[in-house]
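In: sequence first, then the predicted structure:
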Amino acid sequence: MPLNENEQRILHEIEKRFHAEDPESARRLGSTTLPGYLARNCRRAALGFIVGLVILLVAFASSWILGVFGFLVMVVSTVVLIHNLHRMGRFGIQQIHSSTNHQRFGEALDDAARRFRRRFGSDGE
């Protein structure tokens, strides 16, 4: 449902005041997208999982309490990762993939095969 003129004017005024009072927050919020925010949380959760695994492997032999702590860090990180991936959904993953300018895996393999054939194809004949 579109906003009427009065509501649009009020919204515009609120936005102007927000930009005037806190330009740093306005800039940060203006440049952040939901999929980007969720992807950042996924990276942090994956890092947390790795840290928990390292704690588990290193500390479990000397102290089972630290090993259990590492395991709990892994479990919490996994839950956060799955929750953020679920929230991101297919559209968010596609948007992040298209915004990073990465090639698809198949295209990267085709390019590598072409370069390999060009480089070594004429030498073998």
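Out: Sure thing, it's come through.
In: got the domain ranges for the protein?
Out: What the record gives for the chain is the domain set 1-31, 34-102, from automatic domain parsing.
In: the residue nearest the centre of the chain is in what secondary structure piece?
Out: The residue lying closest to the centre of the chain (C-alpha atoms, centre = their mean) is Ala39, at 1.7 Å. Taking DSSP states H and E as the definition, one finds Ala39 inside helix 34-59.
In: now that helix: how far from the chain's centre is it?
Out: With C-alpha atoms, centre = their mean, to the nearest Å as the basis, helix 34-59 stands 11 Å off its chain's centre.
In: now swap in stretch 18-33 and tell me
Out: Centroid separation for stretch 18-33 versus its chain: 21 Å, with C-alpha atoms, centre = their mean.
In: that one: end-to-end distance?
Out: Distance between the two ends of stretch 18-33: 18 Å, counting by C-alpha to C-alpha, to the nearest Å.
In: quick one: buried residues of it?
Out: The neighbour-count check on stretch 18-33 (16 or more other C-beta atoms under 10 Å) flags nothing as buried. For glycine as for every other residue, the C-beta is placed from the backbone atoms N, C-alpha and C.
In: do stretch 46-55 as well
Out: Across stretch 46-55, burial judged by 16+ other C-beta under 10 Å covers Gly48, Phe49, Gly52, Ile55.
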